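Undergrad: The following comprises the amino acid sequence and a computationally predicted model.
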Amino acid sequence: MHGHTGSGSLSVDLVAGALLLTAACLYLGGVATAYRRGHSWSVDRTMTWLVGLAIAAAAMTGNLAAAHESFTSHMLGHLLVGMVAPLLLVAGRPGTLALRSLDLRQARRLSHALRSRPVRVLAHPVTAASLNVGSLWLLYTTPLFELALSSPLIHLLVNIHFLLAGYLFVTSIVGTDPNPHRSSYPVRAVVVVLALAGHGILAKSLLANPPTGVPVAEAHAGSMLMYYGGDLADAVLIAVLCLQWYRHAGRHLARVAEPAR
């Protein structure tokens, strides 16, 4: 494998760092505004958001982003930016924070946007899973993989896409931010299982048919990391989904039983 070297890679690192730093500053600014308006905000949420951004930064900048050492390094970056970071960012509940920190007119505009048909389609678990898993198949089974390795800018755009697609997928499954179009738990459970299958099949496919330019030994190590690392991240996602489903069912049973008291 070959990687990115020179000033082009450094410039892209700076752009990625600036984008993630901006996201951190906007979030912290929202927290400060919410406090000024008398709203409380959990320190845990703030920390998960910041740690999520830090993990994304580790994957999108420096040697790991360059992925010049091995296919395994590249796959580790993919897991961090596309699966681990989104889990933490969703736990930060940025949508809820935005509604608490924006003024009334802006909050109403955001609420109206969340109810729009395009957002409803985009935020549906099937759409989110298709963008998330489908883009992985597109990257590793087309010349886009070689192109991303040879161009720092394209590699950055791919990483940004995976971060956003991962965030969209996680929030469609277990997000707790306001969502007027949230799908039922059975639908979300089925989508998670199918997404997990798609991810696993791709990992096995890469083991048998490595991307162009990737040695067999590196393809084996990278595919194994993708398979088992992806399973671990998905296990966390499934555990959170099951916990939310269990609590939802408990609240429903409590409401049904209440009139009989």
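TA: Right, received. Where do you want to start?

Undergrad: buried sites along stretch 226-235?
TA: Residues of stretch 226-235 classed as buried: Met226, Tyr227, Gly229, Gly230, Ala233, Asp234 (neighbour count, 16 or more other Cβ atoms under 10 Å). For every residue, glycine as well, the C-beta is placed using N, CA and C.

Undergrad: Might you quantify the distance of the strand or helix carrying the fifth one from its chain's geometric centre?
TA: When elements are defined using DSSP states H and E, Ala233 is found to belong to helix 216-257. Chain-centre distance of helix 216-257: 14 Å, with Cα atoms, centre = their mean, to the nearest Å.

Undergrad: Which strands or helices does that helix pack on?
TA: helix 71-79, helix 85-91, helix 152-174, helix 185-208 (3 or more Cβ pairs under 8 Å, 6 or more residues apart in numbering; DSSP states H and E).

Undergrad: Following the chain past the second one, name the next helix or strand.
TA: Put plainly, it is helix 85-91. Taking DSSP H and E, what comes next after helix 85-91 is helix 94-101.

Undergrad: quick one on the thing from earlier: angle of the helix holding Ala233 against helix 185-208?
TA: 170 degrees (axes from the mean of the first three to the mean of the last three Cα atoms, to 10 degrees).

Undergrad: picking up where we left off before, with respect to Gly92, which of the buried residues of stretch 226-235 is nearest?
TA: Distance to Gly92 across the buried residues of stretch 226-235 (Cβ to Cβ) is lowest for Ala233, with 16.9 Å.

Undergrad: Please name the residues that touch that closest one.
TA: Leu79, Met83, Val84, Leu87 (Cβ atoms under 8 Å, 6 or more residues apart in numbering).

Undergrad: Now the two most distant members of these.
TA: Pairwise over the contacts of Ala233, using Cβ to Cβ, the maximum falls at Leu79 and Leu87, 11.1 Å.

Undergrad: Report the contact partners of Tyr167.
TA: Pro86, Leu89, Val90.

Undergrad: Now render these as CSV, adding pLDDT.
TA: CSV is the format used below for the contacts of Tyr167 (pLDDT from 0 to 100):
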residue, pLDDT
Pro86, 97
Leu89, 97
Val90, 97
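
Undergrad: List only those of those flagged as buried.
TA: For the contacts of Tyr167, buried by 16+ other Cβ under 10 Å: Pro86, Leu89, Val90.

Undergrad: and those residues as CSV, adding distance to Met60?
TA: CSV is the format used below for these (distance: Cβ to Cβ, whole Å):
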residue, distance to Met60
Pro86, 13
Leu89, 13
Val90, 18
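
Undergrad: Do you know the pLDDT at the residue nearest to Arg115 when sequence neighbours are not counted?
TA: Ranked by Cβ to Cβ, 6 or more residues apart in numbering and with sequence neighbours excluded, the top spatial neighbour of Arg115 is Pro180, at 4.8 Å. With respect to pLDDT, Pro180 has a value of 83.

Undergrad: hang on, isn't Pro180 packed against Ser116?
TA: No - with contact defined as Cβ atoms under 8 Å, Pro180 does not count as touching Ser116 (9.4 Å).

Undergrad: Tabulate the CA atom coordinates of the host helix or strand of Ala148 in PDB.
TA: Per DSSP H and E, Ala148 falls inside helix 144-150. Output of helix 144-150 as PDB, limited to C-alpha atoms (Å, rounded to 0.1, in the frame of the first residue of the first chain):
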ATOM      1  CA  LEU A 144     -12.400   4.600  -5.200                       C
ATOM      2  CA  PHE A 145     -10.100   2.800  -2.700                       C
ATOM      3  CA  GLU A 146      -7.000   3.400  -4.800                       C
ATOM      4  CA  LEU A 147      -8.100   6.900  -5.500                       C
ATOM      5  CA  ALA A 148      -8.600   7.700  -1.800                       C
ATOM      6  CA  LEU A 149      -5.100   6.400  -1.000                       C
ATOM      7  CA  SER A 150      -3.500   8.500  -3.700                       C
END
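
Undergrad: For that helix, which helices and strands make contact with it?
TA: Using 3+ Cβ pairs under 8 Å, 6+ apart: helix 144-150 touches helix 125-140, helix 152-174.

Undergrad: TSV for the buried residues of stretch 226-235, including pLDDT and distance to Tyr246?
TA: Below are those laid out as TSV (pLDDT from 0 to 100; distance: Cβ to Cβ, whole Å):
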residue	pLDDT	distance to Tyr246
Met226	92	30
Tyr227	91	28
Gly229	92	26
Gly230	90	24
Ala233	92	21
Asp234	92	18
